[in-house]
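Undergrad: Everything below, folded, please.
(chains A and B)
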Number of protein chains: 2
Amino acid sequence: MKKNPVFVLAPDSFKGSLTAKEVCQAMENGIKRILPQAVCIQVPMADGGEGTVQSLVDATKGQLITLQVTGPLGDPVTAQYGLLGDGETAVIEMASASGLHLVDEKTKNPLTATTYGTGQLVKDCLNRGIRKIVLGLGGSATNDGGAGFAQALGVRFSDKEGHALPSGGAALSRLHHIDTSGLDKRLKNIWIEIASDVTNPLCGENGASHVFGPQKGATPSMVNILDVALNHYASLLKQHTGKDIASIPGAGAAGGLGAAVLAFTQAELKRGVDIVIEYTHLREAVSQADYVLTGEGGIDFQTLFGKTPYGVARIAKAENKPVIAIAGFIGTDIESLYDTFDAIFGIVPGVMTMAEAMQTASRNVERTVEQIVRLLEKDSGS
Amino acid sequence: MKKNPVFVLAPDSFKGSLTAKEVCQAMENGIKRILPQAVCIQVPMADGGEGTVQSLVDATKGQLITLQVTGPLGDPVTAQYGLLGDGETAVIEMASASGLHLVDEKTKNPLTATTYGTGQLVKDCLNRGIRKIVLGLGGSATNDGGAGFAQALGVRFSDKEGHALPSGGAALSRLHHIDTSGLDKRLKNIWIEIASDVTNPLCGENGASHVFGPQKGATPSMVNILDVALNHYASLLKQHTGKDIASIPGAGAAGGLGAAVLAFTQAELKRGVDIVIEYTHLREAVSQADYVLTGEGGIDFQTLFGKTPYGVARIAKAENKPVIAIAGFIGTDIESLYDTFDAIFGIVPGVMTMAEAMQTASRNVERTVEQIVRLLEKDSGS
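TA: Alright, predicted model coming up:
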C-alpha cells in the first residue's frame, strides 16, 4: 500500500437507514481510523431510482428545490427535485410528484392517477433556465402513458366532442385529438435523459398495464381497460409524431411516462446507473484511485446485488483498480460476482433484527471498512 | 503475498453449529478457492471448556474413549474422554461424566450430586497406563468439593460412627475421618493439569456454593448448607494434607472438584487455553505461518471475544505474525482488541435468525475467509 493511498467511495444508499453520502462518510471514518493520511474521494451513487436526486445533489454539491404540485390523485403534494452543482442540470424522480408512496391502499386508482405533477416539475426547470434534466422513472402510482405530464407542459388531449380529457389512463380510450400547439416552446432548448432500467414496451402482455398495473391497484379488468386505452393512445401518438414510440423498450416504464417524454420532448432513455456515473464523474475519480469501495444496503432477503455496485465495479475493472463491496445482506450463489468484484463483505456484526441492523448501519459500515483497510495495510506492511 | 503462503487455522468451536475442526475445514475451503497452492495447518482450538476433548483429539489425531460411569445423580451415564495422539496423554471434560447437561430442572440437586463419574474416568486412564491428564473443569452439576471424585479413586470419607458418607456436598458436614489408605497408588505416576479459568476459592462469599450453586439449583438455604459443609471439609482436608487447599484460587471451580484433585493427586491449575496451546503445539505451527486465522462463534449478544482467539492472537503477536479473527458476533467497544488482532470480521451475511446463522455457519466461515484471502492476495497483486 502506498503511503497516501487514494480511496474512491462510491456506494448506493442503504435504503431505510443511510443516504449514499452518509455511507461515504462512514466509509471515510473507517479508513481514517487506520490511515489518517489517506485521500478519500466521496462519490455518492444511485441507480436512477429512489435516492438518485439526493446522491447527485450530494455528489455535485447542488441543492434541493421544494415546490407544491398536483399529486397522482389530483390533490396538491409537496415534491422535491435537485439542481446539480453545475447550475444547468436538474434531476427529478418522477415518484416525488407522482409516486406510489403518495397514495394508499384505499385511494390508489391507476385508472385516474396522473403524472401531471411530474410535468409541473419540468415546467419549473424551464422557468429556471435549466438545460438538462435527468428524469428518474420508477415507483409510480400512475398508468396514464405520461398524458398528465404532457398536459402540464401544454399538450391538449380531447375527445370527439372537443372536450379536454380528464386525468388518468382510462380516459385515453376516448382520445380523439392531440393538440401540441400549446406545448411549452422552451422544451426545444432542453435535453432530458430518462433513467430507467425497465425495458417494457408501452402496451401488450409485457406492457405497462399488464406488468406494473397490478402493483398500483389494477384489477384484471382494469388492466384490460388500461391496456386498450394505452393502445389507442399509442396509435394516435404515432399518427401525431410519426414515430412508433409505443414499441420502444422502456416506453412502458412508470406507467408509460417514458412514451410521453419521448414523444413530446427531446429525450433519450439510458440505464440509470450509467447516467449517475456520468454526472458524478465517477470514471475520472476512479482513474486516480488506488482502491474503489462500493456497496448497498439490501432491503430484504431476496436482494442480492443491485445495479449500483455492479456499475461502479465495471468502471473500476475498466480502469484496472481493485474494487471491494460491502453489503447489508449477501445472498448465496454469488460466484459470478467475483468476475467483477475483488471481495464482498457483509456488515452486520451478528444475529440481529432488521430494525437493529438499520439503526447500527453507520457504525457497521465504518467498522467493516476499517477491517478491510487493516487487512490491506497489514499485508503490505508484513 | 508469497506464492505458497502458509496459513495456520486455529479457531475455537462455533458452539451449537461447528466443532473447531469443522471451522478449520471451512476456513481451508475458503482459502483454497482462491489459493489452491496455499499450505493450511489446521490447529483446532478450545479454551479448556466444552469442546476441549474434541479439539485436542482432532488436533493430535487421537481417539475418543466411551464408557459408562456414575452420573451426577447416581444413575449410569455414558461419558467420553480423549486419548491424544502422543499415546500417553488423556483429556477429560468433567462435564462429560458429572455435567449440568445430565440433569434437568426437576432432577438437579446440588446437595447430593456427585463427581464420582469423573473419578471413574481418571481410573480408566490409570488402567490404560496414561501418564498425563488434562482435566477440564466447568459445566458441572455438582457441589461436592470433589469428594465423589476422590471416593472413586479409593478415598474413604466417614462420619463419627465410621459409616461411609453418602454422595454429595451436604453430607460433608458430617465428615469425621478421611482415609486415603485405599487411594489408587498409580496416581503417583500421573500428572494432572487442571484447565480452569475460574479463580474462585472453595468456600465463602466467592466460593463454589455461593457463586455457582444457584445455577445448579441451590436455593439460598441450600447454598448455606453447602458452604458450611465445604468449610468443614476444607478444614479436614487441611488437617489431612497439611495444605490450605481451600484458599487456592480455582479450588472452587466445578463445585470444588479442583480442591480434591489438588489434595489427592499430583496436579496443577492452568489457564485452559494455555494448556490447549501447549498440547496442540500451536506455537511451532505459528512460527511457520505467514498468516494466522482464529475465531469463535459467539453464542449470544453478550459474548464479545472469548479466551481462545485471544490466546491464539497472543502467540501470533509474539511470533510477529498477522492474525485475523472471524466471529459469529462482534460486539461494540472492541477497540482494545486491535492491540492483539490485526482485523476482525463478522461472518453472518445479513439479518437472519440465530437458527439460520447456526445452520449456515460453515458456508459463512468459508465465504468470509475467502473474502479475506481475496483482499490479501489482491493487495500484493495490485
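
Undergrad: Quick check, pLDDT for A:Val223.
TA: You'll see A:Val223 listed with a pLDDT of 97.

Undergrad: Contact partners for it?
TA: By Cβ atoms under 8 Å, 6 or more residues apart in numbering or on different chains, the contact set of A:Val223 is A:209-210, A:213-214. Heads up, the C-betas are built off the backbone N, CA and C, glycines and all.

Undergrad: Write a PyMOL command that selects only the buried members of the residues you listed.
TA: This is the PyMOL syntax for the buried subset of those, where burial follows 16 or more other Cβ atoms under 10 Å in any protein chain shown:
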select buried, chain A and resi 209+210+213
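
Undergrad: which one of the contacts of A:Val223 sits closest to chain B?
TA: Among these, A:Pro214 lies closest to chain B (Cβ to the nearest Cβ), at 28.1 Å.

Undergrad: Next up, the contacts around the residue in the stretch 51-200 of chain A that chain B sits nearest to.
TA: Nearest residue of the stretch 51-200 of chain A to chain B (Cβ to the nearest Cβ) works out as A:Gly51 at 19.7 Å. By Cβ under 8 Å, 6+ apart, the contact list for A:Gly51 reads A:12-13, A:15, A:19-20.

Undergrad: before we move on, the earlier item: columns distance to A:Gln42 on top of the contacts of A:Val223, output as JSON lines?
TA: Below are the contacts of A:Val223 laid out as JSON lines (distance: Cβ to Cβ, whole Å):
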{"residue": "A:Ser209", "distance to A:Gln42": "41"}
{"residue": "A:His210", "distance to A:Gln42": "41"}
{"residue": "A:Gly213", "distance to A:Gln42": "39"}
{"residue": "A:Pro214", "distance to A:Gln42": "39"}
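
Undergrad: circling back to that earlier point, and the pLDDT at the residue of the stretch 51-200 of chain A closest to chain B?
TA: Per-residue pLDDT puts A:Gly51 at 89.

Undergrad: separation between it and A:Gly138?
TA: 11 Å (Cβ to Cβ, to the nearest Å).

Undergrad: got it, and A:Asp47?
TA: A:Asp47 is 9 Å from A:Gly138, by Cβ to Cβ.

Undergrad: of those two, who's got more company?
TA: The residue with more neighbours, out of A:Asp47 and A:Gly138, is A:Asp47; 27 against 23, by other Cβ atoms under 10 Å in any protein chain shown.

Undergrad: Now that one. Nearest residue, chain neighbours left out?
TA: Nearest non-adjacent residue to A:Asp47, counting by Cβ to Cβ, 6 or more residues apart in numbering or on different chains: A:Lys307, 4.1 Å away.

Undergrad: for the stretch 101-250 of chain A, what are the low-confidence residue spans?
TA: For the stretch 101-250 of chain A, no stretch has pLDDT under 70.

Undergrad: There's contact between A:Ile245 and A:Ser235 in this structure, I believe.
TA: No - under the criterion of Cβ atoms under 8 Å, A:Ile245 is not in contact with A:Ser235, lying 10.7 Å apart.

Undergrad: and the nearest residue to A:Val373 once chain neighbours are set aside, how many neighbours does it have?
TA: Once flanking residues are discounted, A:Val373 sits nearest to A:Ile34: 4.6 Å by Cβ to Cβ, 6+ apart. A:Ile34: 19 surrounding residues under other Cβ under 10 Å.

Undergrad: cool, and A:Thr52?
TA: 31.

Undergrad: How about it: what's its closest non-neighbour residue?
TA: Nearest residue to A:Thr52, sequence neighbours excluded (Cβ to Cβ, 6+ apart): A:Ala46, at 3.9 Å.

Undergrad: Which one of A:Ile245 and A:Ser235 is surrounded by more residues?
TA: Set A:Ile245 next to A:Ser235 and count neighbours by other Cβ under 10 Å: A:Ile245 wins out with 24 against 14.

Undergrad: Let me see the ranges of the helices in chain A.
TA: Assigned by DSSP state H, chain A shows helices spanning A:20-34, A:52-60, A:94-98, A:116-127, A:147-152, A:208-212, A:220-241, A:257-264, A:272-279, A:282-287, A:307-318, A:354-359, A:361-381.

Undergrad: Close to chain B: what parts of chain A are there?
TA: Residues of chain A lying close to chain B (Cβ under 8 Å from any Cβ of the partner chain) are A:1, A:290, A:298, A:301, A:322, A:324, A:327-332, A:338, A:342-354, A:357, A:363, A:367-368, A:371-372, A:374-376, A:378-380, A:382.

Undergrad: so who does the closest residue to A:Asp144 other than its chain neighbours touch?
TA: Once flanking residues are discounted, A:Asp144 sits nearest to A:Gly169: 4.3 Å by Cβ to Cβ, 6+ apart. Taking Cβ under 8 Å, 6+ apart, we find A:Gly169 in contact with A:110-111, A:113, A:142-145, A:147, A:209, A:226, A:229-230, A:255-256.

Undergrad: now do 10 Å
TA: Residues near A:Gly169 by Cβ atoms under 10 Å, 6 or more residues apart in numbering or on different chains: A:110-115, A:142-148, A:208-209, A:213, A:218, A:222, A:225-227, A:229-230, A:233, A:255-256.

Undergrad: go on, A:Gln288?
TA: Neighbouring residues of A:Gln288 by Cβ under 10 Å, 6+ apart: A:6, A:8, A:39, A:41, A:319, A:321.

Undergrad: how about it, phi and psi?
TA: Backbone torsions of A:Gln288, given as degrees, to the nearest 10, read phi -90, psi 0.

Undergrad: any idea of the pLDDT on it?
TA: Residue-level confidence at A:Gln288 comes out at 96, pLDDT.

Undergrad: hmm, which of the residues of chain A next to chain B are the buried ones?
TA: Taking 16+ other Cβ under 10 Å as the criterion, what is buried in the residues of chain A next to chain B is A:1, A:290, A:298, A:322, A:324, A:327-330, A:342-352, A:354, A:357, A:367-368, A:371-372, A:374-376, A:378-379.

Undergrad: end to end, how far does stretch A:330-344 reach?
TA: 8 Å (Cα to Cα, to the nearest Å).

Undergrad: on that earlier part again, quick one: which of the contacts of A:Gly51 is most hemmed in?
TA: The most crowded member of those, judged by other Cβ under 10 Å, is A:Asp12 (32 neighbours).

Undergrad: Once you drop chain neighbours, what's closest to it?
TA: Using Cβ to Cβ, 6+ apart, the closest residue to A:Asp12 is A:Thr308 (3.7 Å).

Undergrad: wait, that neighbour sits on A:Glu50?
TA: No - counting by Cβ atoms under 10 Å, A:Thr308 stays clear of A:Glu50, with 11.5 Å between them.

Undergrad: Which of these two has more residues huddled nearby?
TA: The neighbour count for A:Thr308 versus A:Glu50, taken as other Cβ under 10 Å, is higher for A:Thr308 (29 against 20).

Undergrad: For the more buried one, give me its contacts.
TA: Counting by Cβ under 10 Å, 6+ apart, A:Thr308 makes contact with A:10-13, A:20, A:45-49, A:51-52, A:55, A:272-273, A:276-277, A:294-296, A:325.

Undergrad: Could you rerun that using 8 Å?
TA: Going by Cβ under 8 Å, 6+ apart, A:Thr308 touches A:11-12, A:45-47, A:273, A:276, A:294, A:296.

Undergrad: Which one of those residues is nearest to A:Pro76?
TA: Of all the contacts of A:Thr308, A:Ala46 has the smallest distance to A:Pro76: 27.0 Å, by Cβ to Cβ.

Undergrad: which phi and psi does the closest one have?
TA: phi -160, psi 170.

Undergrad: Now do the contacts for it.
TA: A:12-13, A:20, A:52, A:54-56, A:272-273, A:276, A:308.

Undergrad: same question, A:Met222
TA: Contacts of A:Met222 (Cβ under 8 Å, 6+ apart): A:110-111, A:170, A:213.
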